[in-house]
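# Okay, sequence plus prediction incoming.
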Amino acid sequence: MTFPRLAVSLVAAAALAGCGVFVDDRADRREALAEEQYPPEGRFVTVEGRRVHYVEAGQGPDLILIHGASGSTRDFSFRFIDRVKDRYHVIAFDRPGLGYTDRISEAFSGATNTAAESPRQQAAFLKAAADKLGVQRPIVLGHSYGGAVALAWGLDHDPAALVVVSAASNPWPGGLGALYNIASSAFGGAAIVPLITAFAPTGQVKSTIESIFEPQEPPPGYAEYVGPGLTLRRASFRANARQVNSLRPHVVEMSKHYGDLTMPVEILHGTADDIVPLDIHSEPLSRQVPGATLTRLEGIGHMPHHVVPDAVTDAIDRAAKRAGLR
């Protein structure tokens, strides 16, 4: 989730507020309200003293779901898990620093700390959580940033199959915009992020969600269900900004090894996705991974699992069959 042109207005709001105590108090109250309205919907497992939040449902072959940037388990528990729980044992994780999952270690904590967990570190952390839950040979599905984590899981941990949806998989030209640069910096983490938490207008949040779905519209009730206030919490906003802003060098390195992936890989990507463009990411990925299957979703934007969910569930079923799980 991004907030274009918001940084300048928030600096002005800081000047009007005139007091860090006031900003922090307002941010505290908005964070408390978000957690009251959107409490943990699942359970927790502990990995090396750090809590991992997950939602679990269904029976059958293990299916891991990994959400994208600014997300949480709620992106999948909004209708999608219900589509597959009749034939899969589904576990959706909050990624490190987002939703209710802790950062991987204290090395990534702090308002001025610019360090961020790599996709491979996140995959190892969530794999350890899955091991504690008794998961064996899972299908791992990742959306957007979560697709990079799923690919890292495939490179390092030998799952049964991968399903990557609108995945950030390859290096892209240019940057990610001023707000990501500011929010991921030491100054921005300490000074700007609290302003975003305290003052981000509801209308801006709603329009940001709508922009993520373009050219489609969010399903009715999605914005109210998904809990954007959880992402606007200071620690979560910093974690998301720093993970996204540091992603490119990791996919540069990972992309050199996609040819080593030997498990079934199903790739889905919308042709109208302007957030993670098909031609930069999934089309090259389909050539880099031996035997990968690319499904181009004509006219679909960045959120296929909500807009054309049957196409995603069909890909999961194909991956399961190719892996000998069904």
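Perfect, thanks for sending it. Residues are numbered from 1 along each chain as shown.
# CA atoms only for the strand or helix carrying residue 75 - export them in PDB, please.
Element membership of residue 75, judged by DSSP states H and E, is helix 74-77. Extracted C-alpha coordinates of helix 74-77, given in PDB (Å, rounded to 0.1, in the frame of the first residue of the first chain):
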ATOM      1  CA  ARG A  74      -6.900 -11.000   6.300                       C
ATOM      2  CA  ASP A  75      -6.200 -10.700   2.600                       C
ATOM      3  CA  PHE A  76      -6.600 -14.400   2.200                       C
ATOM      4  CA  SER A  77      -9.200 -15.000   4.900                       C
END
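# who's in contact with the next helix or strand after it?
Next along the chain after helix 74-77, taking DSSP H and E as the criterion, comes helix 80-84. Contact with helix 80-84 is made by 55, 57-58, 63, 65, 90, 92, 305-306, 309, 312-313, 316, as judged by CB atoms under 8 Å, 6 or more residues apart in numbering. Every residue, glycine included, has its C-beta placed from N, CA and C.
# Okay, buried residues for helix 80-84 please.
By 16 or more other CB atoms under 10 Å, the buried positions in helix 80-84 come out as 80, 81, 83, 84.
# For residue 40, see how far away residue 46 is.
Computed as CB to CB, to the nearest Å, the residue 46 to residue 40 distance reads 14 Å.
# and if you look at residue 202?
For residue 202 relative to residue 40 (CB to CB), the value is 23 Å.
# Same drill for these two, tell me which one is more crowded.
Legend: neighbour count by other CB atoms under 10 Å for residue 202 and residue 40, higher for residue 40 (17 against 10).
# Identify the residues contacting the more buried one.
Residues counted as contacts of residue 40 (CB under 8 Å, 6+ apart) are 53, 99, 100.
# Just the ones of those in strands?
Among those, the members found in strands (DSSP state E) are residue 53.
# Which of the contacts of residue 40 sits closest to residue 242?
Residue 242 lies nearest to residue 99 out of the contacts of residue 40, by CB to CB, at 16.2 Å.
# Pull the number of nearby residues for that closest one.
By other CB under 10 Å, the residues close to residue 99 number 27.
# Assign a three-state SS to residue 153, would you?
helix (DSSP: H, G, I helix; E, B strand; the rest coil).
# I'd say it and residue 123 touch.
Yes - Residue 153 is within contact range of residue 123, at 4.1 Å (criterion: CB atoms under 8 Å).
# Could you say which helix or strand holds the residue nearest to residue 99 when sequence neighbours are not counted?
Counting by CB to CB, 6 or more residues apart in numbering, residue 99 lies nearest to residue 72, which is 3.3 Å off, once chain neighbours are set aside. Using DSSP H and E, residue 72 maps to neither a helix nor a strand.
# Please apply the same query to residue 215.
Counting by DSSP H and E, residue 215 is part of no helix or strand.
# do the same with the one 4 residues further on
Mapping residue 219 onto the secondary structure by DSSP H and E places it in no helix or strand at all.
# how about the nearest residue to it, chain neighbours excluded?
residue 306 (5.6 Å).
# OK, contacts around the one you found?
78, 79, 80, 213, 218, 219, 222.
# Please tabulate the residues you listed in CSV, including the columns distance to residue 29.
Listed next are the contacts of residue 306 as CSV, based on distance: CB to CB, whole Å:
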residue, distance to residue 29
78, 26
79, 31
80, 32
213, 29
218, 27
219, 30
222, 25
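# And what about the residue most central in space within the chain, helix, strand or coil?
In the chain, the C-alpha nearest the mean C-alpha coordinate belongs to residue 68, at 1.7 Å (CA atoms, centre = their mean). Here residue 68 is coil, with the state taken from three-state DSSP.
# close enough to count as contact, it and residue 75?
Yes - contact status for residue 68 versus residue 75: in contact at 7.3 Å, counting by CB under 8 Å.
# hey, what's in contact with both of these two?
Common contacts of residue 68 and residue 75 (CB under 8 Å, 6+ apart): residue 143.
# Would you map the helices across the stretch 201-326 of the chain?
Applying DSSP state H, counting those that start in this stretch to the stretch 201-326 of the chain gives helices spanning 202-213, 222-226, 228-231, 234-245, 247-255, 282-288, 304-307, 309-322.
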